[in-house]
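>>> just the structure for this:
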Amino acid sequence: MIDWRRAVAASMLVAATASGARGQDEGARVVEYHLTIDERDASPTGSRTPALTVNGGVPGPVLRFTEGDLARITVTNALSDEDTSIHWHGLLVPPPMDGVPYLTTPPIEPGASFVYEIPLRQSGTYWYHSHSGLQEQRGVYGALVIEPREGPLHEVDLDRAVVLSDWTDESPEEVMRTLMRASEWYGREKGTNQTLLGAWRSGSWGRYWRRERARMPAMDVSDVAYDAFLANGEEVHRIDAEPGARVRLRFVNAGASTYFYLTSGAGPLRIVAADGIDVEPVEVPRLLMAIAETYDAIVEVPADGAVAIRAVAQDGSGAAEIVVGRGPVVARPEDPPPPDLYRMDDSVTGAVDAARAKVVPEAYAVPRPPAPYNLLRATESTALPGDAPVRELEMRLTGDMATYRWGFDGKTFAEEQLVGIREGEVVRIVFVNDTMMHHPIHLHGHFFRVVTPNGERSPLKHTVDVAPMARRVIEFVADEPGDWLMHCHILYHMDAGMTRVVSYSAHEPDHAFAVDPALYGQVHTFLDASLQTHMTMGSLRSMWRRETFGVRWDVQLDDHGDGGHGHGGHDEREREVDLFWSHLFDANLRSIAGYRFADGDGTEDRAFAGLRYRLPFLVQSETTVDDEGDLRVGLVKELPLTRFVDLELRAEYDTLTDFESEVGLSYTLTKELSAVVGWHSDHGFGVGIGLSF
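I've put the predicted structure just below:
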């Protein structure tokens with residue numbers, strides 16, 4: 001039998017060798033690095049959580065080159081049981097060198113090595129990271145600096161790369177599973193979940209209920225609760241510099257799902273480059289830095305000490321600090337205020353700024369400014385050819401936290417993979433964000449213009465922030481033939497489906513491509529159960545793409561009669577178990593079908609089918625009809641009272657068994673465990689525990 005993985009790898013290696021030979025300047029200086037990816041117990045929080053390291057560290061070493069060099073980088077996989085890869089984020093590379101497993105480059109198997117050869121056609125600050133699974137979250141990333149052929153544009157005394165990142169002591173696979181189950185745990189852990197008490201205290205009671213009436217889940221600024229935020233692997237990173245020195249700081253946001261606000265204690269940050277490309281120097285009081293972006297800033301060290309630069313997570317849950325200079329910190333900035341989750345002012349600010357017809361500098365003097373694109377002016381014209389054919393595409397960014405299905409135009413990568421373009425045309429993409437989250441969209445192998453009021457001086461970038469409810473336009477000349485990944489750079493959104501392949505060959509009848517099978521959707525299994533003194537209810541379900549298969553149960557544990565239901569007492573314990581299949585149509589609608597095993601007063605085993613629908617005020621309804629024509633209608637409403645206390649209300653009418661209702665109160669103790677107390681119209685009162693796995 002043919003090993004298809006080895007066959008694909010062999011064909012890619014041949015293509016890579018040929019492409020490297022074609023692109024290499026025979027007179028170019030060859031600069032070599034060797035990178036080894038391994039696993040070590042090296043958590044920056046001290047918990048000894050396994051981390052993936054590059055040459056023994058998190059982040060990996062800074063790779064430095066000069067424009068025109070031939071970069072020859074050997075990557076060795078020292079992991080025992082998983083493939084790996086390296087993507088060169090922002091570099092213009094031959095397609096076989098892009099480092100996306102299966103699509104452009106073979107995955108590097110355990111014990112194997114791969115040699116990347118990249119003729120460097122550009123200068124600036126870039127970075128590298130794994131594109132295999134969720135390895136980026138575990139530590140496989142580092143900075144890459146390419147000096148201009150003619151020398152630096154700005155004279156400085158010191159030049160340092162600063163890699164910002166987020167760290168969790170959980171395995172990223174468990175993080176993904178938690179997000180897929182629509183758990184509220186991370187919001188509770190950070191204190192960012194919306195509650196009735198919080199809405200009342202903030203004066204947003206009316207706003208809270210208007211949002212609920214519109215069936216909008218609570219806004220979430222950042223998906224994950226992190227254990228630390230890091231600068232070059234440390235929560236506080238010091239850079240030694242002489243008093244009065246001018247220091248170029250090359251910031252890289254290598255966070256898996258964290259935007260950062262950067263603020264300097266020495267005053268406004270002087271930005272001189274964005275995503276590796278020089279811009280006209282501009283000062284910003286505070287910089288919102290999207291995931292996967294790079295910004296170069298020049299700061300001056302105070303004469304009497306050190307200056308602190310704070311990188312604060314956008315959700316306000318933590319920060320990393322960079323201290324530049326010697327001695328005590330004499331200039332430390334104020335952190336931005338935490339977001340007001342009930343008013344969503346940050347979201348409105350970003351959407352309004354993206355729609356401006358002119359530059360308004362005052363828009364960036366606010367405590368929580370939008371991305372600074374309107375302030376960025378290219379050093380020369382970036383206008384595209386006026387005589388080239390134009391392909392305009394509108395791509396809507398879609399998804400929500402309730403289903404954790406992120407995609408474009410309502411479809412995940414498993415459902416739609418390709419965006420077809422042709423060489424030589426101008427491609428204009430209009431991103432429309434229909435969600436209440438920021439999305440950093442990255443296109444491999446290209447730079448694009450972010451269309452701003454600066455017209456022909458609109459900046460060039462490889463990653464663009466699309467703010468909640470905002471509209472962003474990018475455009476580029478299609479002059480890099482190949483198949484290139486385009487995706488949201490929130491790692492978990494990409495993995496959940498906000499990914500496409502931009503293909504120059506999609507229109508060809510024999511076009512074929514391969515990607516990491518994990519991008520087609522993985523199976524996740526969840527258990528939610530309540531075990532109380534009088535009853536147990538719960539479900540065990542497995543999710544794959546739009547399908548859910550599982551079992552749910554409602555079992556009486558005592559025999560104290562019907563709890564005053566009104567049907568007459570009985571000594572039989574009631575049991576009801578459903579085997580079911582559910583299909584997701586959209587965030588509000590699902591079908592459900594299955595077989596019910598019933599053992600109670602007046603019940604019997606039956607097949608059933610129906611719909612689950614999310615009503616206004618986020619009330620979940622389920623209507624089913626069984627094979628004997630009996631109807632069942634159920635309503636469920638969850639009310640978060642405080643950070644850790646929830647109230648759940650249930651009501652159900654069945655033409656066979658009449659009405660039943662339930663009131664439950666839970667107090668979250670840990671991610672998996674809660675204390676519960678409840679009353680059920682059939683089973684009476686009880687106390688116990690809730691389990692979530």
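>>> quick one, helices of the stretch 151-300 of the chain?
172-180, 185-190, 196-201, 205-213 (DSSP state H, counting those that start in this stretch).
>>> actually, the chain.
Using DSSP state H, the helices assigned to the chain run over residues 4-23, 135-138, 172-180, 185-190, 196-201, 205-213, 345-354, 491-496.
>>> closest one to Ala254 among those helices?
Taking C-beta to C-beta, helix 135-138 is the member of these nearest to Ala254, at 7.5 Å. C-beta: built from backbone N, CA, C; applies to glycine.
>>> so what's the gap between that closest one and the chain middle?
12 Å (C-alpha atoms, centre = their mean, to the nearest Å).
>>> also stretch 464-476?
16 Å.
>>> specify the beta-bridge partners of the residue lying closest to Ala609 once chain neighbours are set aside.
Leaving aside its sequence neighbours, Ala609 sits nearest to Ala593 (C-beta to C-beta, 6 or more residues apart in numbering; 4.1 Å). Beta-bridge partners recorded for Ala593 (DSSP bridges): Trp581, Ala609.
>>> before we move on, the earlier item: just send the helices of the stretch 151-300 of the chain back as CSV, with mean pLDDT too.
CSV is the format used below for the helices of the stretch 151-300 of the chain (pLDDT from 0 to 100):
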stretch, mean pLDDT
helix 172-180, 95
helix 185-190, 94
helix 196-201, 95
helix 205-213, 93
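>>> with Pro94 as the reference, name the closest of the ones you listed.
Of the helices of the stretch 151-300 of the chain, the one closest to Pro94 (C-beta to C-beta) turns out to be helix 172-180, at 29.8 Å.
>>> re earlier: can I get the helices of the stretch 151-300 of the chain in JSON lines including mean neighbour count?
Shown next, in JSON lines, are the helices of the stretch 151-300 of the chain (neighbours: other C-beta atoms under 10 Å):
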{"stretch": "helix 172-180", "mean neighbour count": "19"}
{"stretch": "helix 185-190", "mean neighbour count": "20"}
{"stretch": "helix 196-201", "mean neighbour count": "15"}
{"stretch": "helix 205-213", "mean neighbour count": "15"}
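>>> nearest to Val236 among the ones you listed would be which one?
Nearest to Val236 among those is helix 185-190 (20.9 Å), distances taken as C-beta to C-beta.
>>> what packs against that closest one?
When contacts are defined as 3 or more C-beta pairs under 8 Å, 6 or more residues apart in numbering; DSSP states H and E, helix 185-190 sits against helix 172-180.
>>> quick one: residues contacting the residue sitting nearest the centre point of the chain.
Closest to where the C-alpha atoms of the chain average out (C-alpha atoms, centre = their mean) is Ile490, at 2.5 Å. Residues in contact with Ile490 (C-beta atoms under 8 Å, 6 or more residues apart in numbering) are Asp223, Ala256, Ser257, Ile291, Met437, His439, Pro440, Met498.
>>> just Arg177 next, same as before
Per C-beta under 8 Å, 6+ apart, neighbours of Arg177: His524, Phe526.
>>> repeat that for the one 3 residues further on.
The contact partners of Met180, taken as C-beta under 8 Å, 6+ apart, are Tyr404, Ala496, His524, Phe526, Met543.
>>> and with 10 Å instead?
Thr403, Tyr404, Arg405, Tyr492, Asp495, Ala496, Gln522, His524, Phe526, Met543 (C-beta atoms under 10 Å, 6 or more residues apart in numbering).
>>> quick one: contacts of stretch 383-395?
Taking C-beta under 10 Å, 6+ apart as the rule, stretch 383-395 contacts 407-409, 419-422, 424-433, 441, 448-449, 455-458, 466, 471, 473, 475-479, 486, 500, 502.
>>> kindly recompute the last result at 6 Å.
Phe408, Ile421, Glu425, Val426, Val427, Arg428, Ile429, Val430, Phe431, Glu456, Val477 (C-beta atoms under 6 Å, 6 or more residues apart in numbering).
>>> now intersect these with the strands, please.
Phe408, Val426, Val427, Arg428, Ile429, Val430, Phe431, Val477 (DSSP state E).
>>> can I have the buried ones of those as a PyMOL selection?
Here is the PyMOL command that picks out the buried ones among the ones in strands among the contacts of stretch 383-395, judged by 16 or more other C-beta atoms under 10 Å:
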select buried, resi 408+426+427+428+429+431+477
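>>> dump the ones in strands among the contacts of stretch 383-395 to a markdown table, plus pLDDT.
Shown next, in a markdown table, are those (pLDDT from 0 to 100):
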| residue | pLDDT |
| --- | --- |
| Phe408 | 98 |
| Val426 | 97 |
| Val427 | 98 |
| Arg428 | 98 |
| Ile429 | 98 |
| Val430 | 98 |
| Phe431 | 98 |
| Val477 | 98 |
